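**Student:** Quick one: sequence and predicted model below, then my questions.
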Amino acid sequence: MIMKLFLGRGVCRYACIGLVVLILHVFNENSRAQTGFDVCKDAFAISNAPGYCFAMASFSRWYYLNRNGGPCLRQIMDKKTQQILAKELQGFYSKNLVGVQADYCNRYQGHQNASTRRFLGNLVSGNPSIVLLMNKGPRGVVLHAVLAYEWVSEKNLIKIYDPNYLNRERYIDLGKSTYTSLDITYHAICFPDVLNDHPELTKKITALYTQHVESRLARNPAAWRKAAATPSDDPSKRERYSRGPTK
C-alpha cells in the first residue's frame, strides 16, 4: 500500500490509490522531473531543532526561484540571520496558513490524481514544490514540511530537502506507505501547491528578505558573502544538531 493522502486537520481516511499508476502515465520510465536545486548550497545551514521546517522549505524555494543567477542562499545569509528569518516565517505560517493547507488537503482528498499531476508538473518545469507529511499517534498529530526538487522515475522516488538533515539528499519512496525523518515515521502526504505561491506567504517572505538580508547586503556585501566559505559541521555534529520536525 502506498502512502495515504494527508488530510490537513489530522485525519487520514483513504489510501492514495493509483498514484504510482498516474505517475507512470504522465512520464515514461526513463524520464526525470528535476530542478537544479542543491541541498548543500540552496538550503538552510541551521538545525531544525526548534521546528522551523515549513519556513526553511518555503524560503529556500522562494529564494532559489527568484535569485536570477545571483549567489546561492548560503552565500547571502549567515546562520544567525537564517535562524532569525526562519523563526519569524514559521510564526507567520502557524498563525495564517495552517487553515489554508488543511482546506486544500481536505478538498483534494477525492481528487488525488489532479493534485499529484500538478505537483509533478511543477518539478518538470523546474519548480521545487512543498510537500507536507503527517503522523497521527496517541499523543496527537505531528506535521512536517519538506521541499521536493526532483523525481527519479525509474525508482519511483521523490528527491527532497528535509530540514531535519543538513547537507544530505533525502528521498520519499512513492511505492512505500511511510517516510521516516529522524525518529518519526509519517504515514500521510499532501502536495499543497496552493502554498507554493500563496500571495500572503510570498509577501511575507519578500518583506523578511528585504528586512534581514537585502539591507545588510547593501551595507556590507563582502562580509556577508563570507558565509559561503564557512566550513560545514562534520556529519556526526550535524546529526546531533538536527532534531525534529514541526509539531
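**Tutor:** On my side now, so go ahead. Residues are numbered from 1 along each chain as shown.
**Student:** Listing partners with orientation, what would you give for the top strand by length along the chain?
**Tutor:** Across the chain, the longest stretch assigned as strand under DSSP state E is strand 140-152. Neighbouring strands of strand 140-152 in its sheet, by DSSP bridges, are strand 32-34 (antiparallel), strand 129-137 (antiparallel), strand 157-161 (antiparallel).
**Student:** weakest of these by average pLDDT?
**Tutor:** Ranked by mean pLDDT, the strands paired with strand 140-152 end with strand 32-34 at the bottom, a mean of 56.
**Student:** Give me the next element, helix or strand, following it.
**Tutor:** Beyond strand 32-34 on the C-terminal side, the first helix or strand identified by DSSP states H and E is helix 53-66.
**Student:** buried residues in that following helix?
**Tutor:** In terms of neighbour count (16 or more other C-beta atoms under 10 Å), helix 53-66 has its buried residues at 53-64. In this view, the C-beta of every residue, glycine as well, is placed from N, C-alpha and C.
**Student:** what does it rub up against?
**Tutor:** Applying C-beta atoms under 8 Å, 6 or more residues apart in numbering, the external contacts of helix 53-66 come out as 35, 37, 42-44, 46, 48, 73, 85-90, 93, 127-130, 144-147, 161, 163-164, 195-196, 201-202, 205, 208-209, 245-246.
**Student:** now that helix and strand 129-137, what's the angle there?
**Tutor:** Interaxial angle, helix 53-66 versus strand 129-137 (axes from the mean of the first three to the mean of the last three C-alpha atoms, to 10 degrees): 170 degrees.
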